[in-house]
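Asks: Sequence and predicted structure are below.
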Amino acid sequence: MTRLVLVGPPGAGKGTQAVALSEQLRVPHISTGELFRAHVGQETPLGQEAKRYLDSGELVPDSVTNEMVRERLAEPDAKAGFLLDGFPRNTKQAEVLGEILGEADVTLDAVIQLQVPEDVVVARLMSRGRADDTEEVIRRRQQIYVSETAPLLEYYAGILVTVDGVGSVEEISGRVLKALRDRT
Ligand SMILES: Nc1ncnc2c1ncn2[C@@H]1O[C@H](COP(=O)(O)OP(=O)(O)O)[C@@H](O)[C@H]1O
């Protein structure tokens with residue numbers, strides 16, 4: 001049970017849970033948002049391309065995102081497993097992920113959905129204060145989640161594990177680990 005994807009609206013706590021879960025499961029945490037922010041911070045060509053999308057809350061074009069993920073998954077530490085956070089974010093990206101894994105003859109074990117009511121999500125984001133956490137950009141990211149990312153729940157219906165994302169960090173990671181155990 002080591003190749004996992006974490007899905008949930010912005011503010012669902014994916015990043016926080018991913019850190020806790022990747023420690024417990026001993027797999028690398030791969031966050032596309034963090035990878036993009038690192039590129040922007042280091043002013044790489046990819047970062048220069050991605051910056052305006054991050055600033056506005058739009059998705060970075062699939063061609064850029066997919067290549068970045070492909071390279072990250074090719075690194076040795078991702079061979080035995082990974083926890084993807086923020087990717088895929090639409091069904092096209094999910095298809096590309098399927099191709100990347102197919103080339104290595106492996107498949108996803110589970111897609112974990114963190115379920116959090118929208119008012120809780122917005123309150124969390126407003127108090128977080130990251131550069132892209134202004135009200136307008138938050139609203140745009142939520143819209144994109146509904147229109148682009150939520151269809152993944154259908155796409156992954158067969159391996160979807162839905163977990164209540166309201167509670168303490170430990171409570172929620174405990175729920176995820178239990179749900180993964182109960183599944184097999
Ligand atoms: N898979 C992806 N495809 C396209 N853009 C992405 C992807 N992952 C992250 N991004 C970009 O990075 C931004 C921040 O992502 P992330 O850190 O996951 O934040 P959040 O989960 O709060 O939306 C997104 O708004 C988007 O611009």
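Replies: Nice, thanks for sending it over. Numbers count the residues shown, from 1 in each chain.

Asks: so residue 153 sits right up against residue 9, yeah?
Replies: No - look at residue 153 against residue 9 with C-beta atoms under 8 Å: they stay out of range, at 11.3 Å. Every residue, glycine included, has its C-beta placed from N, CA and C.

Asks: measure stretch 4-22 end to end?
Replies: End-to-end distance for stretch 4-22: 10 Å, by C-alpha to C-alpha, to the nearest Å.

Asks: residues of it that come out buried?
Replies: 4-18, 20-22 (16 or more other C-beta atoms under 10 Å).

Asks: So which of these are in helices?
Replies: Mapping these onto helices (DSSP state H) picks out 14-18, 20-22.

Asks: Tell me which ones among the residues you listed also neighbour the ligand, please.
Replies: Among these, the residues within reach of the ligand (C-beta under 6 Å from any ligand atom) are residue 14.

Asks: In JSON lines: the ones in helices among the buried residues of stretch 4-22, plus pLDDT.
Replies: Output for those, formatted as JSON lines (pLDDT from 0 to 100):
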{"residue": "14", "pLDDT": "94"}
{"residue": "15", "pLDDT": "94"}
{"residue": "16", "pLDDT": "94"}
{"residue": "17", "pLDDT": "96"}
{"residue": "18", "pLDDT": "97"}
{"residue": "20", "pLDDT": "96"}
{"residue": "21", "pLDDT": "97"}
{"residue": "22", "pLDDT": "97"}
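
Asks: from the middle of its chain, how far away would stretch 172-184 be?
Replies: How far stretch 172-184 lies from its chain's middle: 18 Å, per C-alpha atoms, centre = their mean, to the nearest Å.

Asks: cool, and stretch 118-131?
Replies: On C-alpha atoms, centre = their mean, the centre of stretch 118-131 falls 17 Å from the chain's centre.

Asks: what about that stretch and the ligand, touching?
Replies: No - using C-beta under 6 Å from any ligand atom, stretch 118-131 stays clear of the ligand, coming no nearer than 6.9 Å.

Asks: Restrict that stretch to CA atoms and write it as PDB.
Replies: Written as PDB, here are the backbone C-alpha positions of stretch 118-131 (Å, rounded to 0.1, in the frame of the first residue of the first chain):
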ATOM      1  CA  GLU A 118     -16.200  24.500   2.500                       C
ATOM      2  CA  ASP A 119     -16.600  27.000   5.400                       C
ATOM      3  CA  VAL A 120     -13.800  25.200   7.300                       C
ATOM      4  CA  VAL A 121     -11.600  25.200   4.300                       C
ATOM      5  CA  VAL A 122     -11.900  29.000   3.600                       C
ATOM      6  CA  ALA A 123     -11.300  29.800   7.300                       C
ATOM      7  CA  ARG A 124      -8.100  27.700   7.300                       C
ATOM      8  CA  LEU A 125      -6.800  29.300   4.100                       C
ATOM      9  CA  MET A 126      -7.600  32.900   5.300                       C
ATOM     10  CA  SER A 127      -5.500  32.300   8.500                       C
ATOM     11  CA  ARG A 128      -2.600  30.600   6.600                       C
ATOM     12  CA  GLY A 129      -1.500  33.700   4.800                       C
ATOM     13  CA  ARG A 130       0.600  32.200   2.000                       C
ATOM     14  CA  ALA A 131       1.400  34.600  -0.900                       C
END
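
Asks: Since that was my last question, I'll sign off now.
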